[in-house]
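Trainee: Please find the sequence and the predicted model below.
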Amino acid sequence: MLAMHPSRSSLRTFCWCLLFTGSTATAVPVDVTTFHYGNQRLGWNSAETSLKPANINRNSFGKRWHAKLDGRVPGSPLYLSGLNVSGSQRDVVFAATNQNSVFALDAATGKTLWSRPRLARPLIDAEFRGSWFGDERYGVLSTPVIDRANNALYVCGVRQKGLRQHFTVWSLDVRTGATRPGWPVDVKATDGGTRFEAGQVMQRGALSLVNGWVYLPFGGRGDTPPWRGWVVGIDTRRPQAPQRGFCASPVTDGAGIWSGGGVSSDGSSLYAVTGNGDFDLNRGGRNTGQCVLRLSPTLAFSRQAKDYYTPSNYKYLDEQDEDLGGATALVLPPQPGRRPNLLFTGGKDGLAYLVDRDRLGGVGGEVQKERLFSPVDAPYHEGIRATPAYFDGGAAGRYLFVAGDQPGPNDNLGIAALRLDLDPRSNETRFRRAWTLKKAINGPSSPIVTSDGPRDAVVWIVETNDGEGSNLRAYEATTGALLYNSNEDEKSDRFDEGRRFTSPIVADGRVFVGARGVVCFGLTQEVAK
């Protein structure tokens with residue numbers, strides 16, 4: 001979650017106050033403790049008072065430092081402001097690498113404040129079978145989560161003990177890196193008669209912290225059988241207690257939960273979006289391929305139509321490997337109209353989906369769906385594999401920003417900005433295209449938005465080029481005008497090996513990107529003075 005000092009209240013509450021009053025925020029320190037700024041996965045920081053469209057350009061903005069660390073950072077960095085480390089107050093960036101290492105960095109300089117190298121030996125390619133990454137090591141592959149109130153960082157990595165592989169969760173003190181009492185613990189959940197098996201699943205989705213429980217999603221390793229989609233919950237107050245478990249496909253392979261954003265939550269329910277696999281809920285079965293699912297905090301699932309949604313062409317999506325679960329579902333703030341509580345997501349098929357989270361609707365029960373990316377007749381779709389972002393600009397409108405791979409209809413490329421408006425005929429909120437890029441983005445990360453309340457909104461995204469030379473881009477949110485592209489100055493601002501299933505973060509005037517290590521961008525020293 002993202003919070004401001006001194007009250008540590010949630011950014012969400014802060015955003016709504018800004019919009020109701022119409023006021024502009026003053027500089028408020030920010031915490032980024034989970035993927036996309038909160039369990040709603042909105043990807044919106046409304047308290048950014050330093051970085052604005054007027055000063056984000058190649059003359060006044062650029063790379064400040066690069067901490068190379070010991071490997072790649074597959075998940076998003078996290079950030080705490082004003083943390084007491086070694087007796088002094090510091091703004092701190094946290095990053096976990098594919099070497100099963102965790103680092104705390106000084107946000108101003110990139111200097112290492114503490115490190116925990118190789119919490120466990122990471123796996124090599126031959127051990128991590130079924131991967132399509134060709135990575136040199138497999139350790140932490142997801143975004144950790146922080147509980148600031150208890151000074152705890154939770155991180156999950158994969159390791160091998162004897163002939164068996166295990167996913168292990170550590171809890172580290174954010175001030176020192178020390179392992180907290182009772183940790184680490186191995187993931188060992190069950191769901192009815194189905195046991196969690198680590199050997200052919202991947203923990204790539206971000207961790208979530210909801211009401212004292214850490215939730216971890218799992219998908220497949222290149223669909224190499226046997227594999228099952230899972231969500232596992234661990235009680236942070238009693239880490240050795242029995243774990244909660246939900247298996248998304250207990251009878252057949254499939255239904256992985258693999259989006260980089262993990263699961264989302266509105267505080268009372270969890271929402272998971274699954275990929276390819278069998279679906280038979282409408283026939284009394286238990287397999288949930290190609291679904292949006294509502295789970296209780298205990299990970300109970302009713303199997304009723306009000307608690308799941310699947311597109312009516314679910315069989316075709318499964319046959320073509322067009323995972324609905326390309327993106328994590330966004331829990332949207334209340335919208336006008338007769339169905340105010342909505343979820344938004346997107347799939348590898350290139351379609352965007354809007355569903356009613358009060359009643360998800362079962363088979364074909366969406367509020368709206370529309371193709372944004374990928375031609376209808378493409379032999380294989382890689383449409384949406386990044387979690388969208390949300391922005392409420394007050395009178396300027398409410399927007400969703402969706403990143404896509406393949407070109408779509410109406411010249412959609414790179415990012416499609418959607419505006420949410422009330423349809424007077426149906427009295428329901430619907431989305432329509434506001435703008436789209438005219439240039440493709442190769443391997444786009446999940447975008448985020450920063451603003452000063454409802455003003456000065458900027459969309460940030462990393463073009464990862466699937467691990468090759470990467471670049472950070474910034475766009476004006478309501479028009480799509482390009483503000484900054486780090487590849488314009490390759491000598492000073494270039495960086496390598498940005499990861500597709502991550503997201504940049506922006507906090508207190510700085511932009512942090514996970515790559516081979518962590519890269520920091522911000523206003524140049526000359527302008528900052």
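Mentor: Right, received. Where do you want to start?
Trainee: Render the CA-only coordinates of stretch 294-307 in PDB, please.
Mentor: This file holds the C-alpha atoms of stretch 294-307, laid out as PDB (Å, rounded to 0.1, in the frame of the first residue of the first chain):
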ATOM      1  CA  ARG A 294     -13.900 -13.600  -6.100                       C
ATOM      2  CA  LEU A 295     -12.300 -15.300  -3.100                       C
ATOM      3  CA  SER A 296     -13.000 -14.700   0.500                       C
ATOM      4  CA  PRO A 297     -10.000 -13.900   2.800                       C
ATOM      5  CA  THR A 298     -10.000 -17.500   3.900                       C
ATOM      6  CA  LEU A 299      -9.700 -18.400   0.100                       C
ATOM      7  CA  ALA A 300     -13.100 -19.900   0.000                       C
ATOM      8  CA  PHE A 301     -14.800 -19.800  -3.400                       C
ATOM      9  CA  SER A 302     -18.600 -20.300  -3.800                       C
ATOM     10  CA  ARG A 303     -18.500 -21.500  -7.400                       C
ATOM     11  CA  GLN A 304     -21.600 -19.400  -8.000                       C
ATOM     12  CA  ALA A 305     -22.100 -17.100 -11.000                       C
ATOM     13  CA  LYS A 306     -22.100 -14.000  -8.700                       C
ATOM     14  CA  ASP A 307     -18.500 -14.900  -7.700                       C
END
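Trainee: residues making contact with it?
Mentor: Stretch 294-307 is contacted by residues 191, 210-211, 213, 231, 233, 244-246, 263, 268-272, 281-282, 286, 288, 293, 308, 357-363, 365 when judged by CB atoms under 8 Å, 6 or more residues apart in numbering. Every C-beta, even on glycine, is put in place using the N, C-alpha and C of the backbone.
Trainee: Looking at this structure, which strand is longest?
Mentor: In the chain, with assignment by DSSP state E, the single longest strand is strand 510-523.
Trainee: Show me what that one is packed up against.
Mentor: strand 61-72, strand 88-96, strand 469-476, strand 495-496, strand 505-507 (3 or more CB pairs under 8 Å, 6 or more residues apart in numbering; DSSP states H and E).
Trainee: Only C-alpha atoms, please: export it in PDB.
Mentor: Output of strand 510-523 as PDB, limited to C-alpha atoms (Å, rounded to 0.1, in the frame of the first residue of the first chain):
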ATOM      1  CA  ARG A 510      12.200  10.100  -8.200                       C
ATOM      2  CA  VAL A 511      11.500   7.300 -10.700                       C
ATOM      3  CA  PHE A 512      12.800   3.800  -9.900                       C
ATOM      4  CA  VAL A 513      13.100   1.000 -12.400                       C
ATOM      5  CA  GLY A 514      14.000  -2.600 -11.800                       C
ATOM      6  CA  ALA A 515      16.500  -3.900 -14.400                       C
ATOM      7  CA  ARG A 516      19.900  -5.400 -13.800                       C
ATOM      8  CA  GLY A 517      19.800  -3.800 -10.400                       C
ATOM      9  CA  VAL A 518      17.800  -0.500  -9.900                       C
ATOM     10  CA  VAL A 519      18.000   2.600 -12.000                       C
ATOM     11  CA  CYS A 520      16.900   6.000 -10.600                       C
ATOM     12  CA  PHE A 521      15.700   8.900 -12.800                       C
ATOM     13  CA  GLY A 522      14.800  12.400 -11.600                       C
ATOM     14  CA  LEU A 523      15.300  16.100 -12.200                       C
END
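Trainee: beta partners for the closest residue to residue 498 other than its chain neighbours?
Mentor: The spatially closest residue to residue 498, leaving aside those adjacent along the chain, is residue 470, at 3.3 Å (CB to CB, 6 or more residues apart in numbering). Beta-bridge pairing for residue 470 (DSSP bridges): residue 495.
Trainee: Test my guess that residue 470 contacts residue 502.
Mentor: No. Counting by CB atoms under 8 Å, residue 470 stays clear of residue 502, with 10.4 Å between them.
Trainee: what touches both of the two?
Mentor: 462, 513.
Trainee: Quick check: residue 511 vs residue 61, distance?
Mentor: According to CB to CB, to the nearest Å, residue 511 stands 9 Å off from residue 61.
Trainee: By mean pLDDT, show me the worst of the helices and strands packed on strand 510-523.
Mentor: With a mean of 85, strand 495-496 has the lowest mean pLDDT of those.
Trainee: what's that one packed up against?
Mentor: strand 469-476, strand 510-523.
Trainee: redo that, cut-off 6 Å
Mentor: Under the contact definition 3 or more CB pairs under 6 Å, 6 or more residues apart in numbering; DSSP states H and E, strand 495-496 sits against strand 510-523.
Trainee: Could you list the residues in contact with the strand it packs on?
Mentor: 60-61, 63-69, 72-73, 77, 93, 95, 462, 472, 495-498, 502, 504-505, 509 (CB atoms under 6 Å, 6 or more residues apart in numbering).
Trainee: Out of these, which end up buried?
Mentor: 61, 63-67, 69, 72-73, 77, 93, 95, 462, 472, 495-498, 502, 504-505, 509 (16 or more other CB atoms under 10 Å).
Trainee: In three-state terms, label the nearest residue to residue 65 once chain neighbours are set aside for me.
Mentor: Excluding the flanking residues, the one nearest residue 65 by CB to CB, 6+ apart is residue 110, at 3.8 Å. For residue 110, the assignment made with DSSP: H, G, I helix; E, B strand; the rest coil gives coil.
Trainee: who does the residue nearest to residue 423 when sequence neighbours are not counted bridge with?
Mentor: Sequence neighbours aside, residue 430 is the residue nearest to residue 423 in space, at 4.7 Å (criterion: CB to CB, 6+ apart). Beta-bridge partners of residue 430, counted by DSSP bridges, are residue 421.
Trainee: number of nearby residues for residue 430?
Mentor: Residue 430: 18 surrounding residues under other CB atoms under 10 Å.
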